[in-house]
Structures are given as structure tokens and as C-alpha cells.
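S.K.: Got a predicted structure plus its sequence, pasted below:
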Amino acid sequence: MRMWFDAGCVVVMTAAFCGCGGSTITAPETAPVSGTVTLHGKAAAGVRVHLHPQFDIGELPFLPSGETDREGRFTLSTTAPGDGAPPGEYVVTIEKPRVVSDRNQSGVEVEIDELKGKYSDPAKSAWKVMIAEGTNQLEPFALE
């Protein structure tokens with residue numbers, strides 16, 4: 001499921017860059033970014049990490065993001081898989097999505113946050129990071 005989400009994001013962003021005649025929007029320069037997430041002291045798999053820019057990132061609202069693997073490691077992507085994030089200051093949000101069928105039994109699948117939104121509001125986030133040019137290894141994010 002996550003692979004389709006990532007692929008869909010890349011397709012949408014690629015379409016935005018290609019445009020439909022005369023668009024001058026270009027992809028921002030990015031720097032590699034990676035990190036880890038733990039939950040109750042253990043590697044947290046399937047957690048989404050989003051960076052919310054605190055600077056003018058350009059005409060399109062790019063939102064660098066990544067998902068943790070079994071070891072709790074992630075790499076961020078902005079316009080292409082693993083390309084990182086544009087240098088600048090960000091607020092970090094985290095969620096652990098789980099796909100469930102809706103309550104009306106209509107067969108529609110929806111995502112819920114297993115962390116109940118505790119880390120998903122940029123206005124309440126305790127995490128701020130500065131992405132610099134070059135390779136960036138973020139401090140681990142420890143969730144309780």
C-alpha cells in the first residue's frame with residue numbers, strides 16, 4: 001500500500017513539473033536526509049515522518065516525507081524517492097497509519113493514525129530541524 005502512495009506522490013509531482021504548457025515551476029534543490037524513529041524504546045516500523053517548511057519553499061507546497069522500515073530507519077523524499085529535502089528550517093510531524101475498512105461497511109478503506117494524532121499537528125510539534133546542504137542525519141525521534 002505504501003509503495004503505491006509513494007509512487008502516486010512522485011507521479012503527481014512529476015506532472016506538476018511537466019505542466020500543461022508553459023509552466024516555469026522547477027524542482028527545488030534537495031539534500032539527503034535520514035533518521036530513525038523509536039516507539040517505547042524499540043524500532044518503529046511503518047511510521048511516516050513529514051517535514052513542514054518554516055520558510056518560503058516556492059510556488060508548490062513541497063512536503064518532504066518518508067516512512068520507516070523494520071529497523072525504524074527512514075530517508076526523506078521531496079520530488080523523487082530518497083532525494084531528501086530542500087535546505088531550511090522545518091517542523092516535524094509523525095504518524096503511524098493503519099488501513100481499516102470504514103465503519104459503514106461500504107468497503108471503503110481509510111487510514112487511521114495509531115498514535116491518535118499525538119505527533120501529527122505541526123502547530124503542537126516539539127521537533128524542529130534544520131536541513132543543511134550536504135548529507136543530514138537527524139537525531140532520533142523517540143515516541144512514547
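M.R.: Good, I have the coordinates. Numbers count the residues shown, from 1 in each chain.

S.K.: Just after the lowest-mean-pLDDT helix or strand in the chain, pick out the following helix or strand.
M.R.: Every helix and strand of the chain was ranked by mean pLDDT, DSSP states H and E. The lowest is helix 2-18, at a mean of 47. Where DSSP states H and E defines the elements, the next helix or strand beyond helix 2-18 is strand 33-39.

S.K.: which regions of the chain sit below the pLDDT cut-off?
M.R.: Counting by pLDDT under 70, the chain has low-confidence residues at 1-24, 103-105.

S.K.: Grab the most central residue of it for me.
M.R.: S65 (1.7 Å; CA atoms, centre = their mean).

S.K.: from what I can see that one touches L51, true?
M.R.: Yes - the pair S65 and L51 passes the contact test of CB atoms under 8 Å, sitting 7.0 Å apart. C-beta here means a position set from N, CA and C on the backbone, and glycine is covered the same way.

S.K.: residues shared between the contacts of the two?
M.R.: Listed as contacting both S65 and L51 by CB atoms under 8 Å, 6 or more residues apart in numbering are L76.

S.K.: which residue ranges form the strands in this structure?
M.R.: Taking DSSP state E as the test, the strands found in the chain are 33-39, 42-43, 48-53, 65-67, 73-75, 88-95, 97-101, 109-113, 128-131, 136-137, 141-143.

S.K.: Quick one, which of these gets closest to S120.
M.R.: In terms of CB to CB, the element of the strands of the chain nearest to S120 is strand 88-95, at 4.7 Å.

S.K.: Give me the buried positions along that closest one.
M.R.: 88, 90-95 (16 or more other CB atoms under 10 Å).

S.K.: same check, this time on stretch 120-130
M.R.: Quick answer for stretch 120-130 (16+ other CB under 10 Å): 120, 125, 127, 129.

S.K.: neighbouring contacts of that stretch?
M.R.: Identification of contacts with stretch 120-130 by CB under 8 Å, 6+ apart yields 51-52, 54, 88-95, 113, 119, 138, 141.
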